[in-house]
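Engineer: The sequence and its predicted three-dimensional model are supplied below.
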Amino acid sequence: MEIKYNISLKPYNTFGIDAEAKAFVSIAAEDSLTEAVSLIPEKEPLLVLGGGSNVLFTRHFNGWVLKNEIPGIEVKKENENNIWVEAGAGVNWHQFVLYCIEKGWAGLENLSLIPGCVGASPMQNIGAYGVEIKDVFEYLEAYSLHEKTFVTFSATDCKFGYRESVFKKELKNRFVITRVCFRLSKKPFFHTTYGSIQQELETMGVTELTIKAISDAVIRIRQGKLPDPAVTGNAGSFFKNPEIDTNHYLELKYRYPELPGYPASMGRTKVPAGWLIEKAGWKGYREGDAGVHDRQALVLVNYGQANGEQIYAISEKIMNSVLEKFGVELEREVNIY
Ligand code: EPU
């Protein structure tokens, strides 16, 4: 196991921020994880990175970074209708989705092209185009940094919510996810009603619906409006879509009849943060190399040399402006370090 000291995290975060880690270790298996953890001095900050697609470094990381690279895809069991597939936390998410589609296992196709790794997917219950991880999640295995043992979590244990799980809340920084098992379907159930999927399938001239066609449609939609992190640094949606009181929504709707809204929990309505940010005038805004994407206002971007503080500063300005204009408080989805 190699420990690197004072290394740049720039290749390891999709924002492309040039922050340094005091110590850095690549983890390729459970035993190297337990060994690395045993070497970390007590009280030393620890960060587990997967694809680095949901973090913003606003300063150097004065602790240990463990880069989760645990590989492997394994069928655990199957019956007539379902197949249970377990993947290592370090498996690239999109490669995993494509692998399942190739095999004819349905359930993940709407989640195509989401950056990051398998291990991070349950952390924030990734979701897109009407599907969330929780819909196909069976269990995960994780290493307890306190108890120094491996623990299995069911879906209930994970307490999934909208871009939320127990690992972002009460168990934050207490477990390292090592493997995740998904319950996929041999007989697909197609989710095509959300967003512009149906329209995209028509544009593509698809006559026979397949999971591959849905994946292709999702890829085309995402490529159309989301910047490619390999070209322009970003971490996908920077903020969550806020849920507001439905009465508040109706007041706003009266002022802005075109404001979209989706029913959420009792008496609450979810509104697209991208719409609010665009309407507040931020879409395409740029300050040096930090900015707001010009096709999706929910995505903050690094055009090259921006540092994390500059991107964070723009996020503050956006939050203040949306609060002032609409009375809506935005919450960051990206983890700030
Ligand atoms: N909108 C605007 N202006 C913008 C952006 C969006 O008016 O600049 C409006 C759109 O016209 C649409 C609505 O906002 O009416 C929703 O936009 P979109 O379908 O692009 O989705 P989103 O709500 O902005 C969410 C997820 C994405 C996911 C898409 C598709 C969150 C925080 N984001 O974005 O997830 O891909 O839906 O399901 O829930 C991510 O989490 O990183 C992510 C990319």
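Structural biologist: In hand now; what should we look at?

Engineer: use CA for all of it now, contacts and neighbours both
Structural biologist: OK.

Engineer: Now Val37. Its backbone dihedrals?
Structural biologist: When read as degrees, to the nearest 10, the backbone of Val37 gives phi -60, psi -40.

Engineer: who touches the closest residue to it other than its chain neighbours in this structure?
Structural biologist: Once flanking residues are discounted, Val37 sits nearest to Leu145: 7.4 Å by CA to CA, 6 or more residues apart in numbering. Listed by CA atoms under 8 Å, 6 or more residues apart in numbering, the contact set of Leu145 reads Val37, Arg174, Phe175, Val176.

Engineer: Let me know the closest of the residues you listed to Ser53.
Structural biologist: For Ser53, the nearest member of the contacts of Leu145 is Val176. The distance, counting by CA to CA, is 16.6 Å.

Engineer: For stretch 190-199, list every residue counted as buried.
Structural biologist: For stretch 190-199, burial by neighbour count (16 or more other CA atoms under 10 Å) applies to His191, Thr192, Ile197, Gln198.

Engineer: Ramachandran angles for Asn234?
Structural biologist: Dihedral angles of Asn234 (phi, psi; degrees, to the nearest 10) stand at phi -170, psi 170.

Engineer: bridging residues for it?
Structural biologist: Per DSSP bridges, residues listed as beta-bridge partners of Asn234: Val301.

Engineer: Would you agree it is in contact with Leu298?
Structural biologist: No - applying CA atoms under 8 Å as the test, Asn234 and Leu298 come out as separate, 10.6 Å apart.

Engineer: In terms of packing, which of these two has more residues around it?
Structural biologist: In terms of neighbours (other CA atoms under 10 Å), Asn234 is the more surrounded of Asn234 and Leu298; the figures are 31 against 25.

Engineer: which residues touch the more buried one?
Structural biologist: If you count contacts by CA under 8 Å, 6+ apart, Asn234 has them with Thr14, Phe15, Gly16, Ser53, Pro227, Asp228, Val299, Leu300, Val301, Asn302.

Engineer: check which helix or strand covers the nearest residue to Met1 once chain neighbours are set aside.
Structural biologist: Distances taken as CA to CA, 6+ apart put Ser32 closest to Met1, at 6.8 Å, once the chain neighbours are dropped. Following DSSP states H and E, one finds Ser32 within helix 30-39.

Engineer: returning to that earlier point: would CSV of the contacts of Asn234 with neighbour count, distance to Tyr256 and pLDDT be doable?
Structural biologist: Listed next are the contacts of Asn234 as CSV, based on neighbours: other CA atoms under 10 Å; distance: CA to CA, whole Å; pLDDT from 0 to 100:
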residue, neighbour count, distance to Tyr256, pLDDT
Thr14, 27, 35, 97
Phe15, 30, 33, 98
Gly16, 29, 37, 98
Ser53, 24, 33, 95
Pro227, 21, 28, 96
Asp228, 16, 32, 95
Val299, 21, 22, 98
Leu300, 30, 24, 98
Val301, 28, 27, 98
Asn302, 27, 31, 98
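
Engineer: Quick check: the two most widely separated of these?
Structural biologist: For these, the farthest-apart pair by CA to CA is Gly16 and Val299; their separation is 14.3 Å.

Engineer: if we can go back for a sec, please list the members of the contacts of Asn234 that lie in helices.
Structural biologist: Within the contacts of Asn234, no residue falls in helices by DSSP state H.

Engineer: count of residues packed around Lys77?
Structural biologist: As a burial measure, the neighbour count of Lys77 was computed by other CA under 10 Å and equals 11.

Engineer: Let me fix that, I meant to ask about Lys325.
Structural biologist: By the measure other CA under 10 Å, the count of residues near Lys325 is 12.

Engineer: was I right about it contacting Gly281?
Structural biologist: No - with contact defined as CA under 8 Å, Lys325 and Gly281 do not form a contacting pair (10.6 Å).

Engineer: Give me every residue in the chain lying close to the ligand.
Structural biologist: By the criterion of CA under 6 Å from any ligand atom, the positions of the chain lying close to the ligand are 128-129, 195, 236-237, 239-241, 260, 272, 274-275, 278, 295-298.

Engineer: And stretch 305-315, what's buried?
Structural biologist: Neighbour counts over stretch 305-315 (16+ other CA under 10 Å) mark Ala306, Asn307, Gly308, Gln310, Ile311, Tyr312, Ile314, Ser315 as buried.

Engineer: again with stretch 41-51
Structural biologist: Under 16+ other CA under 10 Å, the buried positions of stretch 41-51 are Leu46, Leu47, Val48, Leu49, Gly50, Gly51.

Engineer: I'd like the buried residues of stretch 305-315 as TSV, with distance to Leu113 appended.
Structural biologist: Supplementary listing: the buried residues of stretch 305-315 in TSV, determined by distance: CA to CA, whole Å:
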residue	distance to Leu113
Ala306	25
Asn307	26
Gly308	24
Gln310	27
Ile311	24
Tyr312	25
Ile314	26
Ser315	25
